[in-house]
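Colleague: predicted structure and sequence below. I'll ask about it afterward.
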Amino acid sequence: TDITDRRRMESLLRIELDLGIALGAVRTLHEAFRQTLEAALDVDEVDAGGLYALDEESTDLVLVCDEGFSESFAAATARIPPTGPRGTLVSRTSGRGLEIVDAAAVKEGLRATMVLPIRHEGRLLACLSLASRHVDTFPTVAVSALRTIAGQLGPVISRFETQTSLEKSESTLRSLVSAAPAGIGLVRDRIFQWVNDHMIRLTGYPRRELLDRRARLLYPSREEFERVGQEMQEQVLETGIGTLETQWRRRDGAIIDVLLSASALERSDLSAGMVFTAWDITSRNHTEAERRRLESQVQQAQKLESLGMLAGGIAHDFNNILHAILGHAGMVGTCLSDAGRALTHVDAIERAAGRAGELCRQMLAYSGRGSFVIEQIHLGEIVSDLASMLDVSLSKKTELCVDVEHDTLPIEADASQMRQVVLN
């Protein structure tokens with residue numbers, strides 16, 4: 001008897017050890033379920049069994065694999081609702097197991113049944129339902145082995161759930177990164193390790209020409225490449241993230257403005273790698289430059305407007321002074337009506353003041369405070385009238401000769417503007 005018991009213990013222990021090895025190598029959760037059920041069926045007293053997994057949406061325990069049951073029994077027990085009698089008992093039972101023999105089991109010809117909840121960190125994940133057709137109760141040594149078998153599955157289910165969650169999160173993150181309207185990538189020692197699709201569109205380089213290449217490929221000069229590297233490293237070490245503007249050269253040779261941001265995978269060890277984002281801000285910079293140009297034009301127009309107002313004010317005041325000069329010159333001319341030579345100079349004063357008055361009117365017209373007088377004039381008369389004024393202003397070594405025809409056709413223009421043309 002002792003030898004038989006020892007051999008029985010060794011057999012059960014071998015089943016437990018083989019299951020542990022098998023569960024460590026499974027690739028799918030369903031494979032883990034099948035391996036666990038087969039290990040339980042290797043126990044001598046067990047003739048049939050099924051493994052139920054928790055459905056997160058309905059919270060039902062759903063049959064995922066079975067062996068030894070009839071199709072009708074498997075269909076009738078395919079789901080264990082949490083609020084049903086069996087579900088309530090399973091949820092409240094610890095890992096010791098629960099023996100349940102109901103009408104369905106008797107009809108199936110089952111003499112002993114046992115349900116073993118499978119938990120991990122206190123959370124119900126599945127249950128193992130086992131039955132025997134040739135014993136009325138499971139011996140203690142078998143129950144202990146079955147509890148060990150069921151207990152090995154809990155951590156495996158949790159591991160697969162974690163893996164599935166990570167894969168789902170990774171897939172979501174990858175989709176977000178791929179759809180992001182910015183170039184995103186990973187560099188190590190400024191060598192591209194990974195880039196998203198937008199980075200390909202941004203630079204024009206296919207992925208195979210970027211990966212395992214130094215970022216120097218994108219910079220128009222070595223000086224800019226080194227400047228960005230130095231400033232980015234200083235910012236990351238100081239604040240954990242670096243941001244600056246630079247320029248990249250696309251594969252087609254076009255230069256684009258880029259807003260570059262980067263953060264270290266490990267702040268204490270930049271050689272571990274850095275994640276970066278790159279935004280094309282060329283259009284933004286061009287828009288900003290155009291805005292500054294327009295602002296400059298507006299400011300220049302405002303300055304010219306102010307200058308025109310100032311010139312108009314000066315011309316207005318100067319014109320008033322000229323009126324006084326002309327008035328007094330006219331009075332002097334009346335008093336000197338018999339002094340021929342003196343009267344000649346007075347006439348010259350009046351003409352010069354008259355020209356100055358015309359210039360003032362022209363300035364007022366340009367500043368918006370006056371108007372041009374368009375009339376028929378003879379260019380010959382304009383030139384002749386200005387000859388004496390020009391002769392006085394020229395050097396004595398210069399001789400001014402004026403030869404005009406006075407029978408030319410008149411033109412329509414402002415006389416003061418024509419005089420200004422001749423003087424210039």
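Modeller: That came through, no problem.

Colleague: now do the buried residues in the helix or strand hosting residue 258.
Modeller: Element membership for residue 258 (DSSP states H and E) is strand 255-264. By neighbour count on 16 or more other Cβ atoms under 10 Å, the buried set for strand 255-264 is 256, 257, 258, 259, 260, 261, 262, 263, 264. Every C-beta, even on glycine, is put in place using the N, C-alpha and C of the backbone.

Colleague: confidence-wise, which helix or strand of the chain is lowest on average?
Modeller: helix 85-92 (a mean of 59; mean pLDDT, DSSP states H and E).

Colleague: beyond that helix, next helix or strand please.
Modeller: Note on helix 85-92: by DSSP H and E, the next helix or strand toward the C-terminus is helix 103-108.

Colleague: tell me the mean pLDDT for that next one?
Modeller: Per-residue pLDDT over helix 103-108 has a mean of 84.

Colleague: just checking, what packs against the helix or strand just after that helix?
Modeller: Following helix 103-108 in sequence order, the next helix or strand is strand 112-120 (DSSP H and E). Applying 3 or more Cβ pairs under 8 Å, 6 or more residues apart in numbering; DSSP states H and E, one finds that strand 112-120 makes contact with helix 85-92, strand 123-132, helix 140-179.

Colleague: got phi/psi on the residue sitting nearest the centre point of the chain?
Modeller: By Cα atoms, centre = their mean, the chain has its centre lying nearest to residue 182, at 4.8 Å. Main-chain dihedrals, residue 182, degrees, to the nearest 10: phi -150, psi 150.

Colleague: spit out the contact partners of it.
Modeller: Each residue near residue 182 by Cβ atoms under 8 Å, 6 or more residues apart in numbering is listed here: 198, 277, 278, 279.

Colleague: ditto for residue 73
Modeller: Residues in contact with residue 73 (Cβ under 8 Å, 6+ apart) are 104, 107, 108.

Colleague: between those, which has the most around it?
Modeller: Counting neighbours by other Cβ atoms under 10 Å, the top entry in those is residue 108, with 20 neighbours.

Colleague: residues in contact with that residue?
Modeller: For residue 108, the contact set (Cβ under 8 Å, 6+ apart) comprises 69, 70, 73, 131.

Colleague: what is the burial count for the last one?
Modeller: If I follow you right, that is residue 131. 25.

Colleague: next one: the second one
Modeller: Taking other Cβ under 10 Å as the neighbour definition, residue 70 ends up with a count of 13.

Colleague: quick check: the gap between it and residue 108.
Modeller: Distance of residue 70 to residue 108, computed by Cβ to Cβ, to the nearest Å: 6 Å.

Colleague: repeat for residue 145
Modeller: Taken as Cβ to Cβ, the span from residue 145 to residue 108 is 23 Å.

Colleague: sorry, back to before: tell me which of the helices and strands packed on strand 112-120 sits most buried.
Modeller: The highest average neighbour count among the helices and strands packed on strand 112-120, using mean count of other Cβ atoms under 10 Å, belongs to strand 123-132 at a mean of 23.

Colleague: show me where this protein has strands.
Modeller: For the chain, the strands defined by DSSP state E occupy 48-54, 61-67, 79-80, 112-120, 123-132, 183-188, 191-195, 241-249, 255-264, 274-280, 374-377, 411-414.

Colleague: how far out from the middle of the chain is the first one?
Modeller: Here strand 48-54 is found 49 Å from its chain centre; the criterion is Cα atoms, centre = their mean, to the nearest Å.

Colleague: quick one: it to strand 61-67, angle?
Modeller: Orientation check (axes from the mean of the first three to the mean of the last three Cα atoms, to 10 degrees): strand 48-54 against strand 61-67 gives 150 degrees.

Colleague: angle of strand 48-54 against strand 123-132?
Modeller: Relative orientation of strand 48-54 versus strand 123-132 (the same axes, to 10 degrees): 170 degrees.

Colleague: C-alpha coordinates for strand 48-54, CSV please?
Modeller: Presented in CSV, the C-alpha positions along strand 48-54 are these (Å, rounded to 0.1, in the frame of the first residue of the first chain):
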residue,chain,number,x,y,z
ALA,A,48,-14.6,14.0,-18.2
GLY,A,49,-14.1,17.7,-17.8
GLY,A,50,-14.6,21.1,-19.2
LEU,A,51,-12.8,24.4,-18.8
TYR,A,52,-14.7,27.6,-18.5
ALA,A,53,-13.3,31.1,-19.1
LEU,A,54,-14.7,34.4,-17.8
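
Colleague: now what about that strand, what contacts it?
Modeller: When contacts are defined by Cβ under 8 Å, 6+ apart, strand 48-54 is touched by residues 29, 33, 36-37, 40-41, 60-69, 74, 77, 80, 110, 124-133, 157.

Colleague: relative to helix 140-179, how tilted is that strand?
Modeller: On the basis of the same axes, to 10 degrees, strand 48-54 is oriented at 40 degrees to helix 140-179.

Colleague: report the angle between the axes of strand 48-54 and strand 112-120?
Modeller: 30 degrees.

Colleague: list the neighbouring strands of strand 48-54 plus their orientation.
Modeller: Using DSSP bridges, strand 48-54 pairs in its sheet with strand 61-67 (antiparallel), strand 123-132 (antiparallel).

Colleague: ditto for the last one
Modeller: The sheet places strand 411-414 alongside strand 374-377 (antiparallel), with pairing taken from DSSP bridges.

Colleague: can you give me the buried ones in the partner strand?
Modeller: The neighbour-count check on strand 374-377 (16+ other Cβ under 10 Å) flags residue 377 as buried.

Colleague: quick one: mean pLDDT for that strand?
Modeller: For strand 374-377, mean pLDDT rounds to 81.

Colleague: kindly report the same for stretch 243-260.
Modeller: Averaging pLDDT along stretch 243-260 gives 94.

Colleague: please apply the same query to stretch 138-149.
Modeller: Taken as a whole, stretch 138-149 has an average pLDDT of 91.

Colleague: try stretch 397-410
Modeller: The average pLDDT within stretch 397-410 is 76.
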